[in-house]
Structure formats: C-alpha cells, structure tokens
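> predicted structure and sequence below. I'll ask about it afterward.
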Amino acid sequence: MADRVKAKPDLVLGCATGRTMEGIYDALVTVADAEGVDFGGVRTFNLDEYVGIAPDDERSYRHYMERYLFSRLGMDRANTHVPNGVAPDLAAEAVAYEASIRAAGGIDLQLLGLGSNGHIGFNEPLSGFRSRTRVQPLAPHTREQNAAMFGGDPDAVPTTAITMGVGTILEAREAVLVVTGEHKAEILARTVEGPISALVTGTALQLHARCHVIADEAAASQLSLSDYYRDAVRHQPEWRAYLDTLD
Ligand code: GLP
C-alpha cells in the first residue's frame, strides 16, 4: 500500500475493517512513518457501515477508521468516505456512494478481509456478483462474529448494513485479500480453490483481474496447492523482493 501511494500520491484506496485490518493498519502506519510516505492526497472509500450506527458512535466503522488509520496518518478527512449508516434515505446514500467512487476515478487498490462465512464487505451469501452499494441484511452468523463490539450480544448487532456490492469490489483495479488464523482456514480454501458460488461471495475474487491473497500459515493450512503457490509467488518480481526481506 505504501508503495502504491508513493507511485500515485492521490491513490484511491478501498479500506476494510475488522480485527485482521488492525494489524495491517499498524504496519502501514509504521512503514509510512519510517519511509516518510505522505498520505495527505490519498482518497479512501470504506467497504461498509452498520445501519443505524452514527459516525461518531464508537461502534461505527467511521470511528474504527479514525482510530486505526485516519488520525495516525494525518489524512485530510474531506478525502475519506465511509457510507453513512444513519442517512435519512439509505437507498439514495448508496447511489451517491457509487457516484462518488466513480467521480474519484474508481478504486485503485481495494483492501479486503474475509468473513468466516466467506463474505467480502458485508456481501452476505447470495449477494449477486454484479451487486452495487446497497442495504444488506446481515446473516445471523455475521452478527455473532461481530458481537464483541456490541457488548458480546449478537442481538445488539444491527440487523442491516450498507455495503459496497460485489460488482463494485470487482471493479477495483487491484485487490488484496488478507486472511489470518486457523479459524479461517476452511473458508479461505473454499474461497480460493472452491467452485465460484454466490454462497461464498469471496469466490467472486477468482474473477478479478488482479487480486492478491495474503494469508498466514494457519489460514493457508487447508489450501491443497500450497507448494505451487509458494513457488509461483517467487516468480513475481514484486513479491519475490518482499519475501527476500523476510528470509
Ligand atoms: C466484517 C467486515 C468485513 C471483514 C470481516 C472480517 O464483517 N464487514 O469487511 O472482512 O468483518 O473480520 P475479521 O477481520 O474481524 O475477521
């Protein structure tokens, strides 16, 4: 991400939230500080927001972004976009959000996490692969997974969210899916190697022209072709240079 910003100071960055991203944003801030990368011109669009949760509510994804990224990189808040979960007309908010992505020239780099039911953004099972930003009912499983932010009570998690669509995500010029932990191993294998199906919306990324998947050993443990992936990634100059720094 830092390299992409160096190459294009007004990069349009698609941002994700969730526990996985906390570590990613920590690392980005460290690299940006160490290398003096200026995020002042970067424009961001977040994937999603809970309906009914105001931007200044500490459970909102706007608040999450402030805490983990925007305040730490000194970003111009006018350049940051998170869907407004308390917009009086949510359908109009969704249409306006799509329009503002288009007006920014589209998303250059979309960061993604993976829900444990395989969702990307809040595109729950059966979200159409051509879906756009819209209000989406949350699956019971997702409300359980995300209950921690709501006092541990799944019933306290909003029943709907406003999310970029799968179609919106697929239009990003580049995408990075980051998945960590043993508990995501099975769903990562289904996402990367399984049949493309709207039941696991992350499988739509198999149709993306330039999507990188970054997984730790635990999350990658159920991939059937790991040896091939390890070898293949070393044939890509950008990734090889990075992996050499780890060896
Ligand atoms: C939420 C977000 C997703 C994110 C997912 C994974 O549901 N809407 O965009 O990918 O959480 O979260 P975690 O990283 O906490 O597992």
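That came through, no problem. Quantities reported herein were computed from a predicted structural model and do not represent experimental measurements.

> can I have stretch 50-64 written out in PDB, keeping just the CAs?
Extracted C-alpha coordinates of stretch 50-64, given in PDB (Å, rounded to 0.1, in the frame of the first residue of the first chain):
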ATOM      1  CA  TYR A  50     -23.800  -0.600  10.100                       C
ATOM      2  CA  VAL A  51     -27.200   0.900   9.500                       C
ATOM      3  CA  GLY A  52     -28.400   2.900  12.500                       C
ATOM      4  CA  ILE A  53     -24.900   3.500  13.900                       C
ATOM      5  CA  ALA A  54     -23.900   7.200  13.700                       C
ATOM      6  CA  PRO A  55     -20.400   8.100  12.500                       C
ATOM      7  CA  ASP A  56     -19.400   9.400  15.900                       C
ATOM      8  CA  ASP A  57     -20.600   6.200  17.700                       C
ATOM      9  CA  GLU A  58     -17.500   4.300  18.800                       C
ATOM     10  CA  ARG A  59     -19.000   1.100  17.300                       C
ATOM     11  CA  SER A  60     -19.200   2.600  13.900                       C
ATOM     12  CA  TYR A  61     -16.700   1.800  11.100                       C
ATOM     13  CA  ARG A  62     -16.100   5.500  10.700                       C
ATOM     14  CA  HIS A  63     -14.900   5.600  14.200                       C
ATOM     15  CA  TYR A  64     -12.800   2.500  13.600                       C
END
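
> any idea how far the spatially most central residue of the chain lies from the ligand?
Nearest residue to the geometric centre of the chain (Cα atoms, centre = their mean): Leu112, 2.6 Å. Leu112 sits 6 Å away from the ligand, taking Cβ to the nearest ligand atom, to the nearest Å as the criterion. C-beta coordinates here come from the backbone N, C-alpha and C atoms, glycine included.

> what residues are up against that residue?
Taking Cβ atoms under 8 Å, 6 or more residues apart in numbering, we find Leu112 in contact with Gly14, Ala16, Leu47, Ile120, Gly121, Ile169, Ala175, Val176, Leu177, Val178, Gly202, Leu205.

> in helices, which of these fall?
Ile169 (DSSP state H).

> narrow the contacts of Leu112 to those in strands?
Gly14, Ala175, Val176, Leu177, Val178 (DSSP state E).

> adding neighbour count, pLDDT and distance to the ligand, write these out as a markdown table.
Formatted as a markdown table, those follow (neighbours: other Cβ atoms under 10 Å; pLDDT from 0 to 100; distance: Cβ to the nearest ligand atom, whole Å):
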| residue | neighbour count | pLDDT | distance to the ligand |
| --- | --- | --- | --- |
| Gly14 | 25 | 98 | 10 |
| Ala175 | 22 | 98 | 12 |
| Val176 | 19 | 98 | 12 |
| Leu177 | 23 | 98 | 9 |
| Val178 | 20 | 98 | 8 |
